[in-house]
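>>> Okay, predicted coordinates and the sequence, questions at the end:
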Amino acid sequence: MSDENTKHFKSRALKIIIPVLLICVIVGIWVIKNNKEDAELVGNNNSDFALHVTEALDLEKLKSYGLPMVIDFGADSCIPCKEMAPVLKGLNEELQGKAIIKFVDVWKYQKLAEGYPISLIPTQIFIDAEGNPFNPSDPEAMQMKLYSLRESKEHVFTAHEGGMTKEQLMSVLKEMGLK
């Protein structure tokens, strides 16, 4: 190859290699950025997945994740609630990104229970992966109460009153769409 041919070859190679390298760098940055956002979305840094609730729940935002949800209304100093605490904590850690597990201390944050059918604690509210009140296959066997609006009969809440074991909660979560 002559010097002129070599220069021409190098020039053409650079015209191809530089854009390809730029595209690779851009794609690499995009992949890293999106993986980081996905990790933060369901990671411990995202308050939407934190167990303890201290501010009003944005149910519409939580429903947008498309995950089954359990909201436990109890108190740190209630005996049955204390028994459930390690179960809720364990499930919250184990099911990050697969389900949303929340705990509201109604003695510390009474206003956060407003609008929910809470007559005793602990009470769990269940919302399925589609964002609807859970519709259990056998409400009586699961000891679930279904609440509907008086006029329209629209199902608005599904609740369980009293403590639940990990096995009971997992059974409900699976029926609600836990993957």
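Nice, thanks for sending it over.

>>> buried sites along the host helix or strand of L88?
In this assignment (DSSP states H and E), L88 forms part of helix 79-94. By neighbour count on 16 or more other Cβ atoms under 10 Å, the buried set for helix 79-94 is 81, 84-85, 87-88, 91-92. (Glycine included, C-beta is placed from N, CA and C.)

>>> downstream neighbour of that helix in the secondary structure list?
Next helix or strand after helix 79-94 toward the C-terminus (DSSP H and E): strand 100-105.

>>> and that next one with helix 79-94, angle?
Put simply, strand 100-105 runs at 150 degrees to helix 79-94, going by axes from the mean of the first three to the mean of the last three Cα atoms, to 10 degrees.

>>> Determine the set of other helices and strands touching strand 100-105.
strand 52-53, strand 69-74, helix 79-94 (3 or more Cβ pairs under 8 Å, 6 or more residues apart in numbering; DSSP states H and E).

>>> Between those, which one is closest to Q110.
strand 69-74 (10.4 Å; Cβ to Cβ).

>>> Okay, now the sheet partners of that closest one, with direction.
strand 100-105 (parallel), strand 123-127 (antiparallel) (DSSP bridges).

>>> JSON lines please, covering the ones you listed and showing mean pLDDT, distance to D58 and mean neighbour count.
Shown next, in JSON lines, are the strands paired with strand 69-74 (pLDDT from 0 to 100; distance: least, Cβ to Cβ, whole Å; neighbours: other Cβ atoms under 10 Å):
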{"stretch": "strand 100-105", "mean pLDDT": "98", "distance to D58": "11", "mean neighbour count": "24"}
{"stretch": "strand 123-127", "mean pLDDT": "98", "distance to D58": "13", "mean neighbour count": "23"}
